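Novice: quick one, what's the 3D model for this:
(chains A, B, C and D)
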2 protein chains.
Amino acid sequence: MADKRGSRPHPRGRRPAGENTRAALLDAARAEFTERGFDGATVRAIAQRAGVDAAMVNHWFGGKDGLFVAAMEIPVNPEEIVHRILDGDPQQAAERLLRTFLSVWDTNGGGALTALARSVASHEQAAQMMREFLSGMVFGPVVSAVAPDQLELRAALCGTQVLGLGMIRYVIRLEPLASAEHNTVVAAIAPNLQRYLTGVL
Amino acid sequence: MADKRGSRPHPRGRRPAGENTRAALLDAARAEFTERGFDGATVRAIAQRAGVDAAMVNHWFGGKDGLFVAAMEIPVNPEEIVHRILDGDPQQAAERLLRTFLSVWDTNGGGALTALARSVASHEQAAQMMREFLSGMVFGPVVSAVAPDQLELRAALCGTQVLGLGMIRYVIRLEPLASAEHNTVVAAIAPNLQRYLTGVL
DNA sequence: ATAGTTTTTCAACTTTCGTTGAAAAGGGGA
DNA sequence: TCCCCTTTTCAACGAAAGTTGAAAAACTAT
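Specialist: Numbers count the residues shown, from 1 in each chain, chains lettered A, B, ... in the order given. Next up is the predicted model:
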């Protein structure tokens, strides 16, 4: 009944291998940052969720900031996403773009974009990453491929619509959009987004 | 040169009257919450900005939470705003709505909505206030007056566009939207917003 | 096998923040 | 004038969080 190690979940030093602490930490960090934002998430909670000690964050990532940057490195390949969006009729690019975001977000509990949105609060670095992600990684390439003019303005406009949708649906959780079917959302928003991409401004 | 009270900025007890601590605290709180969000703002910084002791926050508002709620009580009258938006051609309601938000925000450094947006992070109360403000105070009444059907969906859709604009322009500060003229923004976005209000979904 | 390196936990430190209680000072009514 | 209430600062407390250093355990190479 009274095993000597019974009360201590983990013995001291290195663990039997196989369990990748770094990856576990990244997963836990993504979840916590998404749920609570940069300030709300604590190193201790992330470590506990990953089942390791909080000191591991410093060992592997140098600190909370490093972990945040590493965790927000998007797990999905932006080029592949962009490629899929551009594949087909340019007049339906908005619909494909919207469906892509919705499915990434819904399988992800809000996704990295939501984590960033929640973190932009007091972290200038998050705003920086957001800018780069929005204009550089996703909307920039798409707009360049399908839009006739005013590329930067169109990219920013797409940002307002997509980010606004993310905020309302996942952060504020305003009904009926928060629980609406993908088809409903797409039917309502895709035409507007399409105008930002290829319509006359 | 060496006044006995020279090193102490304020003597102890009550001050000569005339200076309204409560109001100063509210102003400072609005500024700090807007710039840094609920978590980023500290009671001490707010008090220093107001030129009073941090304990005054507890004395007047019961704590940081009470101060936040009090500070977010919107200084602009929503009914008046709604009335102005509804006054005129319903087909141009979106333009008036957009211009109203832009001017409130731009004279306000982002405004209460931005403060709330920055605070939604780890404060469920902020999300609650946001929901009520969006659907109850502004978009709800406007939509009820001009929209033909699906009132709640239309209100939420307007929320995505307006909140997204606020996030991109004031929080993320993505160019060229961040520094664009009001006319440019209105020309680009009003048609889309008008579709959410009165168009066919 | 043994020495050295890497990984891991533990305990403690430091800082920051919200909050509290007591004391001081001005104002107002009896 | 004297007493009481309100307002204000001050000092300190307690909790929480990011970080650090040392010791222990497992792996690796010689």
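
Novice: skipping adjacent residues, who's closest to residue A:67 in space?
Specialist: Distance criterion C-beta to C-beta, 6 or more residues apart in numbering or on different chains; nearest residue to residue A:67, sequence neighbours excluded, is residue A:61 at 4.1 Å. No exception for glycine: its C-beta is placed from N, CA and C like everyone else's.

Novice: my guess is the one you found contacts residue A:72. True?
Specialist: No. Between residue A:61 and residue A:72 there is no contact under C-beta atoms under 8 Å: 11.9 Å.

Novice: which of the two has more neighbours?
Specialist: residue A:72 (23 against 20; other C-beta atoms under 10 Å in any protein chain shown).

Novice: pLDDT score for that one?
Specialist: Looking at residue A:72, its pLDDT reads 83.

Novice: export the longest helix seen in chain A as PDB, just CAs?
Specialist: Using DSSP state H to define each element, chain A has its longest helix at helix A:21-40. The C-alpha trace of helix A:21-40 is given here as PDB (Å, rounded to 0.1, in the frame of the first residue of the first chain):
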ATOM      1  CA  THR A  21       8.600  17.200 -23.300                       C
ATOM      2  CA  ARG A  22       9.200  19.900 -25.800                       C
ATOM      3  CA  ALA A  23       6.200  18.900 -28.000                       C
ATOM      4  CA  ALA A  24       3.900  18.300 -25.000                       C
ATOM      5  CA  LEU A  25       4.800  21.800 -23.800                       C
ATOM      6  CA  LEU A  26       4.000  23.300 -27.200                       C
ATOM      7  CA  ASP A  27       0.700  21.600 -27.300                       C
ATOM      8  CA  ALA A  28      -0.300  22.700 -23.800                       C
ATOM      9  CA  ALA A  29       0.900  26.200 -24.600                       C
ATOM     10  CA  ARG A  30      -1.200  26.400 -27.700                       C
ATOM     11  CA  ALA A  31      -4.200  25.400 -25.800                       C
ATOM     12  CA  GLU A  32      -3.600  27.700 -22.900                       C
ATOM     13  CA  PHE A  33      -2.700  30.700 -25.000                       C
ATOM     14  CA  THR A  34      -5.800  30.100 -27.100                       C
ATOM     15  CA  GLU A  35      -8.100  29.900 -24.100                       C
ATOM     16  CA  ARG A  36      -6.600  32.700 -22.000                       C
ATOM     17  CA  GLY A  37      -4.300  34.800 -24.100                       C
ATOM     18  CA  PHE A  38      -0.700  35.600 -23.300                       C
ATOM     19  CA  ASP A  39      -1.300  37.300 -20.000                       C
ATOM     20  CA  GLY A  40      -4.000  35.000 -18.800                       C
END
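
Novice: next one: the helix or strand following it, is it in contact with DNA strand D?
Specialist: The helix or strand immediately downstream of helix A:21-40 is helix A:43-50, counting by DSSP states H and E. Yes. Using C-beta under 7 Å from any atom of the strand, we find that helix A:43-50 touches DNA strand D at A:43-45.

Novice: roughly how far apart are residue A:115 and residue A:139?
Specialist: Noted for residue A:115: a distance of 19 Å to residue A:139, by C-beta to C-beta, to the nearest Å.

Novice: next: residue A:176.
Specialist: 26 Å.

Novice: just residue A:68 next, same as before
Specialist: Using C-beta to C-beta, residue A:68 is found at 23 Å from residue A:139.

Novice: have a look at these two and say which one is more surrounded.
Specialist: Between residue A:68 and residue A:139, counting by other C-beta under 10 Å, residue A:139 is the more crowded of the two (26 against 22).

Novice: quick check, the more buried one in contact with residue A:153.
Specialist: No. Distance between residue A:139 and residue A:153: 11.0 Å, which falls outside the contact criterion (C-beta under 8 Å).

Novice: secondary structure element holding the most centrally placed residue in chain A?
Specialist: The centre of chain A sits closest to residue A:112, judged by C-alpha atoms, centre = their mean, with a distance of 1.2 Å. Using DSSP H and E, residue A:112 falls within helix A:111-119.

Novice: who does that helix touch, helix- and strand-wise?
Specialist: helix A:21-40, helix A:64-72, helix A:93-106, helix A:124-131, helix A:151-166 (3 or more C-beta pairs under 8 Å, 6 or more residues apart in numbering or on different chains; DSSP states H and E).

Novice: report the buried residues of the third one.
Specialist: Across helix A:93-106, burial judged by 16 or more other C-beta atoms under 10 Å in any protein chain shown covers A:93-102, A:104-105.

Novice: could you work out the most separated pair of the residues you listed?
Specialist: Farthest-apart pair in the buried residues of helix A:93-106 is A:93 and A:105; separation 18.4 Å (C-beta to C-beta).

Novice: so where's chain A uncertain?
Specialist: Low-confidence segments of chain A (pLDDT under 70): A:1-19, A:75, A:108-111, A:121-122.

Novice: closest residue of it to chain B?
Specialist: Residue nearest to chain B within chain A: residue A:164 (2.3 Å; C-beta to the nearest C-beta).

Novice: do you know how far that residue is from DNA strand D?
Specialist: Counting by C-beta to the nearest atom of the strand, to the nearest Å, the separation of residue A:164 from DNA strand D is 29 Å.

Novice: for residue A:184, same thing?
Specialist: From residue A:184 to DNA strand D the distance is 38 Å (C-beta to the nearest atom of the strand).

Novice: and for that residue, the neighbour number?
Specialist: Using other C-beta under 10 Å: residue A:184 sits among 14 other residues.

Novice: in three-state terms, label it for me.
Specialist: helix (DSSP: H, G, I helix; E, B strand; the rest coil).

Novice: residue A:76: which element?
Specialist: Per DSSP H and E, there is no helix or strand for residue A:76.

Novice: not counting sequence-adjacent ones, nearest residue to residue A:123?
Specialist: Residue A:123's closest residue in space is residue A:38 (C-beta to C-beta, 6+ apart), at 4.9 Å.

Novice: right, and that neighbour touches residue A:118 too?
Specialist: Yes. The criterion here is C-beta under 8 Å, and residue A:38 meets it with residue A:118 at 7.5 Å.

Novice: list the contacts for residue A:26?
Specialist: A:67, A:70-71 (C-beta atoms under 8 Å, 6 or more residues apart in numbering or on different chains).
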